[in-house]
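>>> sequence and predicted structure are below.
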Amino acid sequence: MNNLPSKDVGALENLLLSGAALSIIGLLIVLPLGVVLKEAFAGGLKLWLESVGDPDARSAIKLTLAVTAVVVPLNVVFGVAAAWALSKFRFKGRSLLLSLVDLPFAVSPVIAGLIFILLFGRHGWMGTWLTDHHIRIVFAVPGIILATLFVTFPFVARELIPLMTEQGSEEEQAALSLGATGWQTFLKVTLPNIKWGLLYGIILCNARAMGEFGAVSVVSGHIRGETNTLPLQVEVLYNEYSFTASFACASLLAGLAIVTLILKTFVELKSGRDAA
Amino acid sequence: MNNISSTVRTVSIAVLTASSLWAADVTDILNVSYDPPREFYKDYNQAFNHWYEREHGGKSIKVKQSHGGSGKQARAVIDGLEADVLTLALAYDIDEVAAKAGLLGQDWQKKLPHNSAPYTSTIVFLVRKGNPKQIKSWDDLVKPGVEVITPNPKTSGGARWNHLAAWGYVLDRELGGDLAKLNNPAFAAQAADAQAKAKVFIADLYKHVPVLDSGARGATTTFVQRGIGDVLLAWENEAFLAVNELGKDKLDIVVPPISILAEPTVAVVDKVVDKRGSREVAEAYLEHLYSAEGQKLAAKNYYRPRAPEQADPADIARFPTLKLITIDEVFGGWQKAQKAHFADGGLFDQIYLPGK
């Protein structure tokens, strides 16, 4: 259909568009990432190792890993359950539930943190009861876990809902009519169908859980060596004029981002091939 | 696999310790502090631990630190952050913890010497090397083309001292250096006129402020790292630290002829230490600030010690002498100052118009 001149314009537009996209990515993503790595190793590998091996930094790394180890499995269970309910069944209040799943995306992380202060703080709804029973939630590890759980909740569910809706429930119904139990149906039919989407959701959830700053900052209390996660530690070090140490910790988070990206690409390739 | 099980163990331990912290025989206390004294308390905690070990047959105490804007930290303690001791920027923030959460008695400030302020500081100017805008005193801050950096007095303790120091300067100027006139009915008209002049001056001053950071350290970073502004109103200790950490070749300290005596105060949080059984350690921790060792470390970290004779003379020599007004003589104490200047609808709200 196209005549020659318009084709040329198309090529030019393509060139301009992809050039613009590439320079935006370069400016906003690749360049800052490079700066982080450059600054982190500005003092040499030895200083980097010292910064990362500092007791407060190590405790921040441990806390971040521990929080992620709790949050990601819980969100896998919640996410799969929510996606299952929302995509395979039609029921009253379904669209309301669908919106609720998205709520953490819509709410600013700072507000998410404040919600937990209002609930579990000394003057919160449950504050008196918790104080009487010597249970600490906010300004302690449980609060950090709750805040991270809230913020990362949609990642798995959001990834699975479109996938499971598209797949429909015929295969499950077939399995059930052939005498499989509900659990067998889930393990042998549903799970293999969603495994790549699920993995993709887990990777995103994991990355956000390790990187969350706002909500965690509100509920953390900033106790060094105890309730400072890795992102908070980066800020602490930066404010103490320890720029190299700060960037060293930041480089760990950047490293995680790169690993996430590689895993994500791998999963996308793999799922594409499986589908084909 | 090993990693996962060890992180799971860490979490269960963290959850368990979180719920069993009230157990007796404390080995740690939490010091909730404001922004600038990070470096001081790092030094002091180590010294305190050595001292405590010597005094108590080798029993060691780990002091955990939390730092942030003074008002924000007070808020966190009110909301449930379990501080054994508070070391905040000003008495009002500890008053708030006493009033809003009832965690310590209203008379807390009488429990330790010198208004419970073991060290003091003042407000000075930090300028670019060579002082290109020739800023020497408060009047120079409102000269055309001068940009001033100061944090938000709603959240920052340092910013409130900055605001009151500038205000006090105008009163002093208008009353010919005799601040006693403020409380003398015979000079009521002159005092009222001075207050009106001060309000105009501060309103003008805030017009020269391009950004209000939430804490003192944030304002320092804005001025030094981001290169915004011609002069930073800063704690004396913060100014010294910035010059040392970030380059003697980039910044100069200017000490105005008159400023305010800033008294960062400390207190034991009664309800928390009684619950945890940490009263003895917490009290020793604060009292040791007044010892020769505590005073020496304060001076080393650029705080003016209450007992200068205990500190290193070389450290003391770094502090220039200047006229220091006090919050009690000029503003009638923190409660009154807070209400008049920083409460909702107070003088700051009347004066500060963002973007003007």
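Received it, and whenever you're ready, just let me know what you need.
>>> distance check, the residue nearest to residue A:242 when sequence neighbours are not counted against residue B:45.
The spatially closest residue to residue A:242, leaving aside those adjacent along the chain, is residue A:51, at 7.8 Å (CB to CB, 6 or more residues apart in numbering or on different chains). Placement of C-beta: from N, CA and C, glycine included. To residue B:45, residue A:51 is 20 Å away according to CB to CB, to the nearest Å.
>>> for residue A:124, same thing?
Using CB to CB, we find residue A:124 at a distance of 31 Å from residue B:45.
>>> okay, now residue A:56: neighbour count?
If you count neighbours by other CB atoms under 10 Å in any protein chain shown, residue A:56 ends up with 17.
>>> now residue A:220
26.
>>> what's the pLDDT at it?
On pLDDT, residue A:220 comes in at 93.
>>> again, but for the one 3 residues further on
Confidence per residue is given as pLDDT, and for residue A:223 that number is 94.
>>> just residue A:2 next, same as before
47.
>>> ok, now residue B:104?
Per-residue pLDDT puts residue B:104 at 96.
>>> how about the one 4 residues further on?
Per-residue confidence at residue B:108 stands at 96 (pLDDT).
>>> leaving out sequence neighbours, find the closest residue to it.
Take residue B:108 and drop its neighbours on the chain: the residue closest to it by CB to CB, 6+ apart is residue B:267, 4.6 Å away.
>>> so, low pLDDT: which residues of chain B?
B:1-24, B:354-356 (pLDDT under 70).
>>> the longest helix that it contains: how far from the chain's middle?
For chain B, the helix with the greatest residue count under DSSP state H is helix B:188-207. Remark: helix B:188-207 is offset 25 Å from the chain centroid, using CA atoms, centre = their mean, to the nearest Å.
>>> can you tell if the helix or strand just after that helix touches chain A?
Using DSSP states H and E, the next helix or strand after helix B:188-207 towards the C-terminus is helix B:216-224. Yes - contact between helix B:216-224 and chain A, assessed by CB under 8 Å from any CB of the partner chain, occurs at B:217-218, B:221.
>>> which residues does residue 211 contact?
Picking chain A for this. Going by CB atoms under 8 Å, 6 or more residues apart in numbering or on different chains, residue A:211 touches A:231, A:253, A:256-257.
>>> my bad, chain B
Counted by CB under 8 Å, 6+ apart, residue B:211 has contacts B:149, B:222, B:228.
>>> quick one: buried ones out of these?
Buried subset of the contacts of residue B:211 (neighbour count, 16 or more other CB atoms under 10 Å in any protein chain shown): B:149, B:222.
>>> run a quick neighbour tally on residue 204.
No chain in the question, so chain A it is. The local packing of residue A:204 (other CB under 10 Å) involves 18 other residues.
>>> that's the other chain; I wanted chain B
Neighbours around residue B:204, by other CB under 10 Å: 12.
>>> residue A:230 now?
The burial count for residue A:230: 24, using other CB under 10 Å.
>>> any idea how far it lies from chain B?
14 Å (CB to the nearest CB, to the nearest Å).
>>> so that residue makes contact with residue A:255?
No - using CB atoms under 8 Å as the test, residue A:230 is too far from residue A:255 to be in contact (11.1 Å).
>>> before we move on, which element is whichever residue of the stretch 201-350 of chain B sits closest to chain A in?
Using CB to the nearest CB, residue B:245 is the residue of the stretch 201-350 of chain B that sits closest to chain A, at 4.2 Å. Secondary-structure assignment from DSSP H and E places residue B:245 in helix B:236-246.
>>> can you list the residues of the stretch 151-300 of chain B near chain A?
B:217-218, B:221, B:241, B:245-246, B:275.
>>> what's the PyMOL line that selects buried ones from those?
With 16+ other CB under 10 Å as the criterion, this PyMOL line picks the buried residues out of those:
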select buried, chain B and resi 217+218+221+241+246+275
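>>> and the furthest pair within the residues of the stretch 151-300 of chain B next to chain A?
Among these, the pair separated by the greatest distance (CB to CB) is B:246 and B:275, at 41.8 Å.
>>> for the helix or strand residue B:44 falls within, which positions count as buried?
Assigned by DSSP H and E, residue B:44 belongs to helix B:38-55. For helix B:38-55, a neighbour-count test (16+ other CB under 10 Å) marks B:38-41, B:44-45, B:48-49, B:51-52 as buried.
>>> out of these, which comes closest to chain A?
For the buried residues of helix B:38-55, the nearest to chain A is residue B:38 (5.7 Å; CB to the nearest CB).
>>> thought that closest one was touching residue B:66?
No - when contacts are counted by CB under 8 Å, residue B:38 is not listed as touching residue B:66 (10.4 Å).
>>> for the helix or strand hosting residue A:71, which helices and strands make contact with it?
Using DSSP H and E, residue A:71 sits within helix A:55-88. Secondary-structure packing of helix A:55-88 (3 or more CB pairs under 8 Å, 6 or more residues apart in numbering or on different chains; DSSP states H and E): helix A:44-53, helix A:94-106, helix A:141-152, helix A:154-167, helix A:191-211, helix A:230-239, helix A:243-275, helix B:2-19.
>>> between these, which gets nearest to residue B:180?
Checked against CB to CB, the stretch from those lying closest is helix A:230-239, at 41.1 Å.
>>> how about that closest one: buried residues?
A:230-239.
>>> biggest separation within the residues you listed, which pair?
Most distant of the buried residues of helix A:230-239, by CB to CB, are A:230 and A:239, 15.3 Å apart.
>>> roughly how far apart are residue A:23 and residue A:246?
For residue A:23, the distance to residue A:246 - CB to CB - is 28 Å.
>>> of these two, who's got more company?
In this view residue A:23 and residue A:246 are compared by other CB under 10 Å, and residue A:246 has more residues nearby, 23 against 10.
>>> so that one makes contact with residue A:234?
Yes - taking contacts as CB under 8 Å, residue A:246 lies within contact range of residue A:234: 5.4 Å.
>>> can I get the residues of helix B:216-224 next to chain A in TSV including distance to residue B:119?
Converted to TSV, the residues of helix B:216-224 next to chain A look like this (distance: CB to CB, whole Å):
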residue	distance to residue B:119
B:217	18
B:218	23
B:221	24
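>>> what's the closest of these to residue B:290?
Out of the residues of helix B:216-224 next to chain A, the member with the shortest distance to residue B:290 (by CB to CB) is residue B:217, at 26.0 Å.
>>> skipping its backbone neighbours, what lies nearest the closest one in space?
residue B:35 (4.3 Å).
>>> for residue B:293, same thing?
Nearest residue to residue B:293 in three dimensions, chain neighbours excluded: residue B:47, at 5.6 Å (CB to CB, 6+ apart).
>>> hang on, that neighbour packs against residue B:295?
No - if you go by CB under 8 Å, residue B:47 and residue B:295 don't touch, sitting 11.3 Å apart.
>>> got the residues of the stretch 51-200 of chain A near chain B?
A:62-63, A:65-67, A:69-70, A:117, A:120-124, A:127, A:131, A:134-136, A:138-142, A:145.
>>> what's the helix holding residue B:44 packed up against?
Against helix B:38-55 (3+ CB pairs under 8 Å, 6+ apart) you get strand B:28-33, strand B:62-67, helix B:279-287, helix B:292-300.
>>> can you show me the CA trace of it as CSV?
Provided in CSV are the C-alpha atoms of helix B:38-55 (Å, rounded to 0.1, in the frame of the first residue of the first chain):
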residue,chain,number,x,y,z
ARG,B,38,25.5,11.3,65.2
GLU,B,39,29.3,11.5,65.4
PHE,B,40,29.4,12.7,69.0
TYR,B,41,27.2,9.8,70.2
LYS,B,42,29.3,7.3,68.2
ASP,B,43,32.3,8.4,70.2
TYR,B,44,30.5,8.8,73.5
ASN,B,45,28.7,5.4,73.3
GLN,B,46,32.1,3.6,73.0
ALA,B,47,33.5,5.6,75.9
PHE,B,48,30.5,5.0,78.0
ASN,B,49,30.6,1.3,77.4
HIS,B,50,34.3,1.1,78.4
TRP,B,51,33.6,3.1,81.5
TYR,B,52,30.6,1.0,82.4
GLU,B,53,32.5,-2.2,82.0
ARG,B,54,35.2,-1.0,84.3
GLU,B,55,32.6,0.1,86.9
